[in-house]
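>>> With the input below, show me the fold.
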Amino acid sequence: MNTHDLADGLVRLCLDLATISVLALALFQRRHSRHDLLAVFVSFNVGLFAVLTFLSSSQISAGVGFGVFGVLSIIRLRSETYANVEIAYFFMSLATALVNALPGRPLALSVGLDVAILLTLYFVDSPSVREATVTSLVVLDRVHVGDEPLHRDLSARLATEVLGTKVIEVDYVRETMRVEVRHRPLPAAAAAAAITAQVR
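Predicted structure coming up:
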């Protein structure tokens with residue numbers, strides 16, 4: 001590796017670190033407050049960048065490194081239940097590493113693609129687009145059969161308007177169920193009425 005390649009690699013590393021910092025801290029953390037996922041996003045991003053940079057200077061195809069990280073990503077995602085928006089941020093963190101690590105592309109192109117990725121996340125995950133919806137993982141102390149009683153119970157417990165549900169796990173022995181709920185906060189008066197009805 002000559003001096004020019006080393007300088008180009010350092011510039012691309014700084015660009016990648018700046019991009020993943022904006023993605024993880026300025027966008028994801030401020031909107032979703034998941035501290036545990038920050039390490040996941042940053043470590044996979046920097047790790048993939050390092051592997052692709054190393055493989056690009058060897059005889060091994062860079063596709064091998066990306067394939068390894070693809071397998072690790074699938075294993076990581078299958079080990080825990082994630083919301084769709086969290087998966088989107090995760091794969092965007094991998095995309096920025098791929099965009100910045102591959103040599104032979106104009107640096108301006110990498111900068112432009114990084115900006116496009118960040119702007120995409122900024123707009124599609126903005127509160128105005130999401131209509132101030134919230135996704136929560138709820139454990140219920142009873143098992144409901146059918147969507148209508150499930151929505152009614154969740155709406156009363158959370159004092160929100162339930163927009164959609166996804167049953168993650170049902171335990172008939174303990175009479176519990178884990179549900180991913182997409183809901184919209186109700187106005188204060190409606191929320192108070194829902195809480196009162198739940199107490200009664």
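>>> Just give me the residue right at the centre of this protein.
What sits nearest the mean C-alpha location of the chain, by Cα atoms, centre = their mean, is residue 86, with 1.6 Å.
>>> so where does it fall, helix or strand?
When elements are assigned from DSSP states H and E, residue 86 belongs to helix 84-101.
>>> Could you do residue 164 as well?
strand 160-171.
>>> continuing past that strand, what's the next helix or strand?
Scanning forward in sequence from strand 160-171 by DSSP H and E, the next helix or strand is strand 176-185.
>>> My read is that residue 45 contacts residue 95, right?
No: if you go by Cβ atoms under 8 Å, residue 45 and residue 95 don't touch, sitting 9.2 Å apart. C-beta: built from backbone N, CA, C; applies to glycine.
>>> Have a look at these two and say which one is more surrounded.
More crowded of residue 45 and residue 95, by other Cβ atoms under 10 Å: residue 45, with 28 against 17.
>>> Enumerate every residue touching that one.
16, 20, 93, 94, 96, 97 (Cβ atoms under 8 Å, 6 or more residues apart in numbering).
>>> Rank those residues by pLDDT and give me only the lowest.
Scanning the contacts of residue 45 for pLDDT, the low point is residue 94. It has 88.
>>> Distance check, that one against residue 43.
11 Å (Cβ to Cβ, to the nearest Å).
>>> the more surrounded of the two?
Neighbour tally, residue 94 and residue 43, criterion other Cβ under 10 Å: the higher count belongs to residue 94, 19 against 12.
>>> Do I have it right that the more buried one meets residue 49?
No: contact criterion Cβ under 8 Å: residue 94 and residue 49 do not qualify, at 9.7 Å.
>>> on that earlier part again, so the residue nearest to the centre of the chain sits against residue 34, correct?
Yes: counting by Cβ under 8 Å, residue 86 touches residue 34, with 7.0 Å between them.
>>> What ranges in the chain fall below the confidence cut-off?
Along the chain, the parts satisfying pLDDT under 70 run over 1-2, 57-82, 129-132, 186-200.
>>> Just want the angle from the longest helix belonging to it to helix 84-101.
Longest helix in the chain by number of residues (criterion: DSSP state H): helix 35-56. On the basis of axes from the mean of the first three to the mean of the last three Cα atoms, to 10 degrees, helix 35-56 is oriented at 30 degrees to helix 84-101.
>>> mind listing what's buried in helix 35-56?
37, 40-42, 44-49, 51-53, 55-56 (16 or more other Cβ atoms under 10 Å).
>>> Repeat that for stretch 104-121.
Buried residues in stretch 104-121 (16+ other Cβ under 10 Å): 110, 113, 114, 117, 118, 121.
>>> Domains in this protein, by residue range?
Domains of the chain are assigned by automatic domain parsing as 3-129, 132-199.
>>> Not counting residues beside it along the chain, what's closest to the residue nearest to the centre of the chain?
Distances taken as Cβ to Cβ, 6 or more residues apart in numbering put residue 37 closest to residue 86, at 6.2 Å, once the chain neighbours are dropped.
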